[in-house]
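K.L.:
Any chance you can model this:
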Amino acid sequence: MTTPAASTATTTAPIADARALGLAHYAARGVLEWVLARYGTTFQQQVALRAAVTADTPPTPEQLIAQVQGFLKADPADIRATLDELLARDLLVADGAHLRPTEAGRELIATLGAATAPLSARIWGGIPAEDLAAAGRVLALVTARADAELAALTD
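P.N.:
Sure thing, here's the model as predicted:
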């Protein structure tokens, strides 16, 4: 009588690469965009408004544009248009040479945070801390290298 060979099937973790990073980004962004749409807010508006709300001191429009451009690699003209939209919605207000979030702007950021918190908890929950730390190190390195490549391409 022969015995079947023992199964040595192993689970291989997927390799982190540009495709996996892109798929994860767009999946998470899709969830965020769904929430933002419920509040009539675009992704770029949320990024710019959050930057203004969390700034240590009120930024100038140029400082805010530079910060958002650093985050999103978006066209400065598009970011300026986004700031104009936030001003028109009374979510930002010009205060001399600076932009300040209004109470409505602060409330919107708080509301968006509350709306996304349970979704984020379900997405990120249960991932071991050491895995998150390793992923964080890899993503920081990929970001730094991509930023350097983009800088070299645009010089």
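K.L.:
which SS class is the residue found closest to residue 21 once you drop the neighbours it is linked to in the chain?
P.N.:
Among residues not flanking residue 21 along the chain, residue 142 sits closest, at 6.9 Å (C-beta to C-beta, 6 or more residues apart in numbering). Any C-beta I mention is one placed from the backbone N, CA and C, and that applies to glycine too. Of the three states, residue 142 takes helix under DSSP: H, G, I helix; E, B strand; the rest coil.
K.L.:
Check residue 56 too.
P.N.:
The three-state label given to residue 56 by three-state DSSP is coil.
K.L.:
What about it, how many residues nearby?
P.N.:
Using other C-beta atoms under 10 Å, residue 56 has 5 other residues around it.
K.L.:
With the one 5 residues further on instead?
P.N.:
Using other C-beta under 10 Å, residue 61 has 17 other residues around it.
K.L.:
these two touch, right, residue 80 and residue 64?
P.N.:
No - here residue 80 lies out of contact with residue 64, judged by C-beta atoms under 8 Å, at a distance of 9.4 Å.
K.L.:
Which one of these two is surrounded by more residues?
P.N.:
Set side by side, residue 80 and residue 64 show more neighbours around residue 64, with 24 against 16, by other C-beta under 10 Å.
K.L.:
and that one, what element?
P.N.:
helix 61-72 (DSSP states H and E).
K.L.:
Would you map the strands across this protein?
P.N.:
Using DSSP state E, the strands of the chain run over residues 92-95, 98-101.
K.L.:
Out of these, which is closest to residue 12?
P.N.:
strand 98-101 (46.8 Å; C-beta to C-beta).
K.L.:
So, low pLDDT: which residues of the chain?
P.N.:
Along the chain, segments meeting pLDDT under 70 span 1-11.
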